[in-house]
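Student: the amino acid sequence is not available; the structure is as follows:
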C-alpha cells in the first residue's frame with residue numbers, strides 16, 4: 001500500500017476533531033493518527049485503529065488492567081516504539097499503584113533507557129529479574145518474546161492471545177514509529193486524566 005505525503009483539508013479537520021475528543025476523553029491524543037491515514041486512508045485506517053481498542057479491551061478482560069497493558073506494552077517494545085510500549089507499561093503501573101499503593105517492579109523509565117541503549121537480552125534479563133513474585137506475567141512476557149522471535153505457537157489460549165498482541169502492534173508500530181515526533185510519555189488509558197494519581201506515582205518513583 002502506497003503512502004501519501006499530504007492529507008486533504010477534510011481529513012485534517014476530521015483528525016483535529018478526533019484528537020480533541022480523545023484529549024477530553026482519555027487525557028491524550030495519538031500523534032500517529034495522521035500517519036495511519038496517510039498509509040491506509042481514512043476508512044481503512046480507522047477500522048484498524050478501532051481494532052486496537054478492541055484488543056485493549058480484550059486484554060484487560062483476560063489479564064486484568066495492569067497485566068493487560070503491560071503485555072501489550074511489551075508487544076510494542078520489541079518493535080522499538082517508545083510511545084506505545086512505555087505508554088501501556090506506564091498505564092499498567094498506574095493501575096497497580098492505584099489499587100495497591102505500591103510500585104510495580106517494572107519501571108517504564110528503566111525500560112526506556114534499555115530500549116535506547118541496551119538490547120533484547122538486557123530487557124529480558126531485567127524483566128525476568130523484576131518479576132519473581134509475578135510468575136504468570138513473567139511467563140507471558142517471556143513466551144511473547146519467543147513467539148515474536150519466530151517460535152511456533154502452541155494450541156493454547158495464551159499463545160493465541162500473545163500472537164494477537166504481536167500482530168496488532170506489528171502493523172500499528174509501522175505507523176506509530178514513523179509518525180512519532182518524540183512526544184512526552186503518556187499513559188495509554190483514561191488514567192492519564194488522573195493528575196493526582198500520576199503526581200503521587202511519580203513522587204513514589206523519585207521523579208518529583
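Tutor: Great, that's in hand. In this text, all values refer to a predicted model and were calculated from it rather than measured experimentally.
Student: going forward, measure contacts and count neighbours with C-alpha atoms only.
Tutor: Fine.
Student: look up how far residue 64 lies from residue 43.
Tutor: With the distance defined as C-alpha to C-alpha, to the nearest Å, residue 43 ends up 31 Å from residue 64.
Student: correction: the previous question concerned residue 160.
Tutor: Separation of residue 160 from residue 64 (C-alpha to C-alpha) stands at 17 Å.
Student: so residue 43 and residue 64 - more neighbours on which side?
Tutor: Just comparing residue 43 and residue 64: by other C-alpha atoms under 10 Å the higher neighbour count belongs to residue 64, 14 against 10.
Student: what segments of the chain are strands?
Tutor: Counting by DSSP state E, the chain has no strands to list.
Student: give me the low-pLDDT residue ranges for it?
Tutor: By pLDDT under 70, the low-scoring segments of the chain are 1, 179-182, 208.
Student: where along it do the helices fall?
Tutor: Applying DSSP state H to the chain gives helices spanning 9-26, 33-40, 42-63, 65-77, 82-100, 108-117, 120-130, 135-148, 157-179, 195-204.
Student: phi first, then psi, for residue 8.
Tutor: Dihedral pair for residue 8: phi -80, psi 170, per degrees, to the nearest 10.
Student: and it, what does it touch?
Tutor: With contacts defined as C-alpha atoms under 8 Å, 6 or more residues apart in numbering, residue 8 has no neighbours.
Student: and residue 66, by the same measure?
Tutor: By C-alpha under 8 Å, 6+ apart, the contact list for residue 66 reads 60, 91-93, 95-96.
Student: and the helices of the chain, which is most packed in?
Tutor: Highest mean neighbour count among those (mean count of other C-alpha atoms under 10 Å): helix 65-77, with a mean of 26.
Student: would JSON lines of the helices of the chain with distance to residue 2 be doable?
Tutor: Listed next are these as JSON lines, based on distance: least, C-alpha to C-alpha, whole Å:
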{"stretch": "helix 9-26", "distance to residue 2": "17"}
{"stretch": "helix 33-40", "distance to residue 2": "6"}
{"stretch": "helix 42-63", "distance to residue 2": "13"}
{"stretch": "helix 65-77", "distance to residue 2": "23"}
{"stretch": "helix 82-100", "distance to residue 2": "24"}
{"stretch": "helix 108-117", "distance to residue 2": "29"}
{"stretch": "helix 120-130", "distance to residue 2": "31"}
{"stretch": "helix 135-148", "distance to residue 2": "26"}
{"stretch": "helix 157-179", "distance to residue 2": "13"}
{"stretch": "helix 195-204", "distance to residue 2": "40"}
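Student: can you tell me which of those is nearest to residue 185?
Tutor: Evaluated with C-alpha to C-alpha, the helices of the chain place helix 82-100 nearest to residue 185, the distance being 6.2 Å.
Student: which other helices and strands does the closest one contact?
Tutor: helix 65-77, helix 108-117, helix 157-179, helix 195-204 (3 or more C-alpha pairs under 8 Å, 6 or more residues apart in numbering; DSSP states H and E).
Student: the third one vs helix 135-148, what angle?
Tutor: Taking axes from the mean of the first three to the mean of the last three C-alpha atoms, to 10 degrees, one finds that helix 157-179 is oriented at 60 degrees with respect to helix 135-148.
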